[in-house]
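Student: take this sequence and fold it.
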Amino acid sequence: MSTRTAPAPLSLPHHRLLRRLTTRRNVLVSLCTAFLGVVTLAAALAPWIAPHDPNSIDFSTALTDPSVHRLLGGDISGRDTLSRLLIGARTSLLGPLFVVLLSTAAGLLIGVTAAWHGGIVDTLLSRSSELLLAFPGLLLAMLLVALYGRGLLAPVLALSVAYIPYVSRLARSLALSEINKPYLASYRIQGFSGWWVCLRHLLPNIVAVVLAQSAVNFGYALLDLASLSYLGLGTSPLEPDWGTMVNEGQSAILQSSPLSAAIPCLAIVLTVVTFNVVSERVADTVARRS
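Tutor: I've put the predicted structure just below:
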């Protein structure tokens with residue numbers, strides 16, 4: 001009896017297109033990751049690699065074009081744009097980082113507590129989160145700046161509070177689905193305390209997804225803090241910041257010198273876009289594995 005070999009699977013056009021899109025997406029994520037690595041490294045080494053004092057004013061070099069001595073030119077006060085960009089990266093990146101860390105820690109605590117206790121505790125915490133969602137974070141930041149003055153502390157605290165509901169709602173939904181699983185019920189039957197079960201078993205099973213989704217908030221927090229600095233409600237003018245640099249470069253645009261405003265604006269846009277691309281890819285990967 002003759003045997004027949006199975007025909008080779010057909011390579012459908014949409015399969016080839018999917019492979020191409022996946023490859024291009026991987027290349028895009030790799031490029032974005034490399035860009036973020038360069039920005040982070042430049043921010044960390046800024047005090048040592050900045051070619052000039054970022055606050056040194058020299059009106060003879062005001063609005064100068066890029067040259068060998070000043071690679072990105074000078075701003076309206078004659079300060080070196082590259083030096084201010086590098087030093088400003090530290091503030092522009094540290095602020096969103098603290099926002100994400102504070103909002104994630106508080107959101108995890110609120111979400112897990114609401115899901116674990118349920119009842120009136122869940123209702124109160126959930127309604128409080130909905131109330132925070134209805135209050136604009138930028139408006140809260142403006143109120144705190146008006147009360148406590150300019151600086152990084154008030155905007156970071158205000159935006160952290162504003163981002164808590166997004167984390168707590170996700171943590172609550174993940175915790176509710178995890179609580180119904182038999183392994184947690186077995187620990188409770190054995191007499192283990194609720195806090196021990198949450199910290200030892202519940203939290204490790206949901207924290208990866210929460211952290212991956214919280215990373216997406218970094219880009220939005222960076223944009224919000226830059227907007228506050230642009231409005232004059234963030235860091236002081238003596239402290240370089242990308243949002244402040246955009247504000248200071250506005251007047252230079254009218255003098256046909258847009259670089260001092262365009263360069264920090266481009267840095268903000270590229271950092272936000274690349275971080276969103278990388279964080280969404282990480283969130284998708286974690287969600288598939290969980």
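Student: run through the strands of the protein in chain order.
Tutor: Along the chain, counting by DSSP state E, no stretch forms strands.
Student: chain center to the longest helix seen in it, what's the gap?
Tutor: For the chain, the longest helix by residue count, based on DSSP state H, is helix 81-117. Relative to its chain's centre, helix 81-117 lies at 7 Å (C-alpha atoms, centre = their mean, to the nearest Å).
Student: in that helix, what counts as buried?
Tutor: The neighbour-count check on helix 81-117 (16 or more other C-beta atoms under 10 Å) flags 81-93, 95-96, 98-100, 102-104, 106-116 as buried. To be clear about C-beta, it is placed using only N, CA and C from the backbone, and glycine gets the same treatment.
Student: nearest residue to residue 272 other than its sequence neighbours?
Tutor: Distances taken as C-beta to C-beta, 6 or more residues apart in numbering put residue 219 closest to residue 272, at 4.2 Å, once the chain neighbours are dropped.
Student: report pLDDT for the one you found.
Tutor: With respect to pLDDT, residue 219 scores 89.
Student: same question, the one 5 residues further on
Tutor: What the model reports as pLDDT for residue 224 is 91.
Student: and it, how close does it get to residue 89?
Tutor: Note on residue 224: its distance to residue 89, by C-beta to C-beta, to the nearest Å, is 17 Å.
Student: sorry, back to before: and the longest helix of the chain, what does it pack onto?
Tutor: Helix 81-117 sits against helix 13-44, helix 46-49, helix 119-133, helix 153-179, helix 203-230, helix 242-248, helix 259-289, with contacts defined as 3 or more C-beta pairs under 8 Å, 6 or more residues apart in numbering; DSSP states H and E.
Student: point out where this structure drops to low pLDDT.
Tutor: Residue ranges of the chain with pLDDT under 70: 1-24, 185, 188, 191-194, 287, 290.
Student: at 80 instead, please
Tutor: In the prediction, the chain carries residues with pLDDT under 80 at positions 1-25, 61, 135-136, 138, 146, 148-150, 180-201, 235-238, 254-256, 283-290.
Student: right, and residue 255 touches residue 63 too?
Tutor: Yes. With contacts counted by C-beta atoms under 8 Å, residue 255 reaches residue 63, the gap being 6.3 Å.
Student: looking only at neighbour counts, state which of those two leads.
Tutor: More neighbours surround residue 63 than the other of residue 255 and residue 63, with 20 against 11 (other C-beta atoms under 10 Å).
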